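> no FASTA, just this:
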DNA sequence: ACTTAATCGAGACGGTACGTCTAGTCTTTAC
DNA sequence: GTAAAGACTAGACGTACCGTCTCGATTAAGT
């Protein structure tokens, strides 16, 4: 069988097999799924790293508006084409940069009670978002998702929805334990938890404080 | 006959019998079709209106990324300078366009109880945001606030904070009535109400539904 | 009557009236043919001058291959768009630069005899081409004419043919005087005179010497 | 003795021994001068052929500007490196392509008289240049000689000077026979003959006609 | 048969330039 | 006396090539 593998097909394949949601070069993928390597010079991992580092630095130091492809390439000491070859859009660069930065493991606590689970989840998420580099990247990603609808779709599916799904798992577990306040659905919990997170990131300059987390826990653990 | 021929008029004339769908400055147009020409200066308000209309249309029809100052000016039949003269940034144009569109009066209901007040506030806000033109403008404003920090500051103060303040008034009134669940502060209420609103606007493509509003009311009216 | 006016038609009009063969902006053209001026900021003569100077310097100092639009703009302290606005191609920039340099008046001597006229014409032409800056520009123009066929057509019509025509005038006058060797046509004279000129410019690094001019005069004044 | 052989040294050697002026791979050269052959995979003659064919086709079909190394390699089904390995510049590829096409033997007629020799030489040269594929290649070579001075030097020495030398041989022979018009030197003859040839190729779109050849013969055979 | 070594196609690498678009400013003429 | 028109410098966009550099695979010659 002959088959033409592109980044697109690779991404599809990797998702179909529930692989990690990073943009994956076809080279790695074919290694993973056991096919032969492609010809030609392999993509440079050093260049990839330099690009992700440069993108992160620019966003953090000078803001998203200053993070042009041109400047990223220049700071990374890389040709522009190398960026276009590796990612379908600037947003995807940032999404992978964020994944690198915060190894984006989605916390799946099991602390024994809904209140403790929720508290842990909130702490993890808010601590992450409070880190300045992470916060800047998150804001940039949300902006890019609005400016580039195609990337926006990817961002929602690969980033936002996964976090909603993780929270839904906690909710399901709480419901099984009979721990969940009546009338609370996974969607509402996610809307409140992530709504407040993003709203504080984008709309209110101040940081998250523990008091806010306390209030949310109280809100979401109180039966009617 | 003396006649001022520009590339634009010429192209318009040549297309006049076929495809009149180009943007044409009204000034030239009225000359061609024989109406009285306007003289003097009282162009200002019409230009403002045309600019706000053009900005709204572009954002709604083609998305924020397509709404450049250049295109707004062209569609409005206006010089770019007229825009720069009237507003300090593109975000401010959009903010005024939104104000025109939704007459953005901030609802201050007094329905007799915290639950009813909150419900009314939620309904008003979410109905507004659900209107497609308004939603697009809001998304554009939040993007611009991230890209242009100076405008962002203005947007927070003049738009976001006012809405938080209005909600705070309701909370204060409820507290005075002894109606408010214990442990609930105006800030937490605002974070939840507007957090969910913006999160649904920016991060989740689906519309707000009444069920979500119900859940939020339940959440925010239940004592611990 | 409807009429479509473009820069191209304007150029045609200006040529139809045997105006100087410079690329002419429509603004100047309508002035020439008596129409009103256009609105908007006028094109900057200083920018035009800087562009032509920079182009000449780059061609002369670093050779034609180094004379990119980008470098010309940078050295001239000018936006690229200003170049694209003013000339349809890089070749046209060089053609105008040459016109500036050598005020490209086409010598039309009348020395009383075919031999003297020819000698004068040869001296003028070869002296011009021998000047290093002129020679480099001429070589660049001929290269560009090969690389860009559209410009090539313009170059042939507006530059090469005019010089052939001037020489033809001398030949006609000589024939009227009965001064011309039999069997010599204007085309053959032009092919020999300009053929040798361009061949020495492009193919033989050495300069033109007076001896060569002497030989050509002898050749073209001798009856069979 | 150990010696590092490169294409450059090989060319020097081959020229020092007045071998044919084709670009010669060192493999062939060392065979010629009797050294041991190196190991490794031999260069592919099929690739060389495909490259020359592709280059010729691209120049003829789409013009010189379209004949990039990248497109030549792609059309030939060849890696770019194979081209860079075989020729020092694009001009050299074209020079060999021309040699293949027109087997570029330089005609050395001996027709018994200066007039007949010259006529034969003119006919041969002009017939060749009139062939469309040859003409396009010649124009491309002259352009490349201007753009790439290093190749230009090679082109002048290996191509242009050889043709001048051949013509000079005819002139010498004529002078020996007492056949040459007085005052005519080999250089002047070459300047006129090849000047007209290249000028018609580069500057005048029309073809060479026999009448022009007649006129040149008349011009160059007439004593003062 | 096995090693050595240079070539092959392929294609990524850091760069430069292309021609277009927009930002925000500046300068005319028209009304 | 302001508006439209549009030119100005500046710089990013995404694409095409440049000449170089890996890759795995191929192809002889010399063990």
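Nice, I can see it. Because the structure is predicted, anything quoted here is derived from the model rather than measured. Numbers count the residues shown, from 1 in each chain, chains lettered A, B, ... in the order given.
> Which residue comes closest to the residue nearest in space to the middle of chain A once chain neighbours are left out?
The centre of chain A sits closest to residue A:159, judged by C-alpha atoms, centre = their mean, with a distance of 4.2 Å. Take residue A:159 and drop its neighbours on the chain: the residue closest to it by C-beta to C-beta, 6 or more residues apart in numbering or on different chains is residue A:95, 6.6 Å away. The way it works is simple: take the backbone N, C-alpha and C, and place the C-beta from them, glycine included.
> Could you give the number of residues near that neighbour?
26 (other C-beta atoms under 10 Å in any protein chain shown).
> for residue A:177, same thing?
Residue A:177 has 12 neighbours, counted by other C-beta under 10 Å.
> For residue D:80, see how far away the closest residue to DNA strand E within chain A is.
Among all residues of chain A, residue A:40 sits closest to DNA strand E, at 2.1 Å; criterion: C-beta to the nearest atom of the strand. Distance check for residue A:40 against residue D:80: by C-beta to C-beta, to the nearest Å, it reads 12 Å.
> Between these two, which is the more surrounded one?
Neighbour count, other C-beta under 10 Å: between residue A:40 and residue D:80, residue D:80 has more, with 12 against 8.
> which one is the more buried one nearest to, not counting chain neighbours?
In space, and not counting its chain neighbours, residue D:80 is closest to residue D:73: 4.6 Å by C-beta to C-beta, 6+ apart.
> what's the answer for residue A:75, then?
Distances taken as C-beta to C-beta, 6+ apart put residue A:54 closest to residue A:75, at 4.0 Å, once the chain neighbours are dropped.
> Can you give me the domain assignment for chain A?
Taking automatic domain parsing as the reference, chain A has its domains at A:1-42, A:44-86, A:114-221.
> about what we covered before: share the number of residues neighbouring the residue nearest to residue D:80, please.
For residue D:73, the neighbour count with other C-beta under 10 Å is 21.
> residues of the strand or helix carrying it that come out buried?
Counting by DSSP states H and E, the element that carries residue D:73 is helix D:69-76. For helix D:69-76, a neighbour-count test (16 or more other C-beta atoms under 10 Å in any protein chain shown) marks D:69, D:72-73, D:75-76 as buried.
> In CSV, list the residues you listed along with distance to DNA strand E and pLDDT.
Shown next, in CSV, are the buried residues of helix D:69-76 (distance: C-beta to the nearest atom of the strand, whole Å; pLDDT from 0 to 100):
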residue, distance to DNA strand E, pLDDT
D:69, 10, 98
D:72, 11, 98
D:73, 8, 98
D:75, 10, 98
D:76, 7, 97
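> So which of these reach DNA strand F?
Among these, the ones lying near DNA strand F by C-beta under 7 Å from any atom of the strand are residue D:69.
> rewinding a little: which ones are touching the residue nearest to residue A:75?
For residue A:54, the contacting residues are A:71-73, A:75-76, A:78, by C-beta atoms under 8 Å, 6 or more residues apart in numbering or on different chains.
> swap the cut-off to 7 Å and go again
For residue A:54, the contact set (C-beta atoms under 7 Å, 6 or more residues apart in numbering or on different chains) comprises A:72, A:75-76.
> want to throw those into a markdown table with distance to residue A:199?
Output for the contacts of residue A:54, formatted as a markdown table (distance: C-beta to C-beta, whole Å):
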| residue | distance to residue A:199 |
| --- | --- |
| A:72 | 29 |
| A:75 | 32 |
| A:76 | 33 |
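> Tally up the residues packed near residue A:94, please.
Neighbour count for residue A:94, taken as other C-beta under 10 Å: 27.
> secondary structure class for it?
Following DSSP: H, G, I helix; E, B strand; the rest coil, the label given to residue A:94 is helix.
> Isn't it up against residue A:55?
Yes: with contact defined as C-beta atoms under 7 Å, residue A:94 counts as touching residue A:55 (6.0 Å).
> Enumerate the residues of chain A near DNA strand F.
Near DNA strand F, when you scan chain A using C-beta under 7 Å from any atom of the strand, you find A:36-37, A:39-42, A:68-71, A:79-81, A:84, A:90.
> Show me which of those residues has the smallest pLDDT value.
Least confident by pLDDT among the residues of chain A next to DNA strand F: that is residue A:36, with 54.
> which outside residues touch the helix holding residue D:73?
Applying C-beta under 7 Å, 6+ apart, the contact partners of helix D:69-76 are D:50-51, D:54-55, D:57-58, D:79-80, D:83, D:90.
> where does chain A have low pLDDT?
By pLDDT under 70, the low-scoring segments of chain A are A:1-37, A:103-104, A:223-224.
> So which residues of it form helices?
Here chain A has its helices, by DSSP state H, at A:7-16, A:26-33, A:45-62, A:69-76, A:80-86, A:90-101, A:114-130, A:132-147, A:149-155, A:161-177, A:186-202, A:210-221.
> Same question for the last one: list its buried residues.
In this case it means helix A:210-221. For helix A:210-221, the neighbour count (16+ other C-beta under 10 Å) marks A:212-213, A:215-221 as buried.
> would JSON lines of these with distance to chain C be doable?
Compiled in JSON lines, those are given as follows (distance: C-beta to the nearest C-beta, whole Å):
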{"residue": "A:212", "distance to chain C": "50"}
{"residue": "A:213", "distance to chain C": "52"}
{"residue": "A:215", "distance to chain C": "55"}
{"residue": "A:216", "distance to chain C": "53"}
{"residue": "A:217", "distance to chain C": "57"}
{"residue": "A:218", "distance to chain C": "59"}
{"residue": "A:219", "distance to chain C": "56"}
{"residue": "A:220", "distance to chain C": "56"}
{"residue": "A:221", "distance to chain C": "61"}
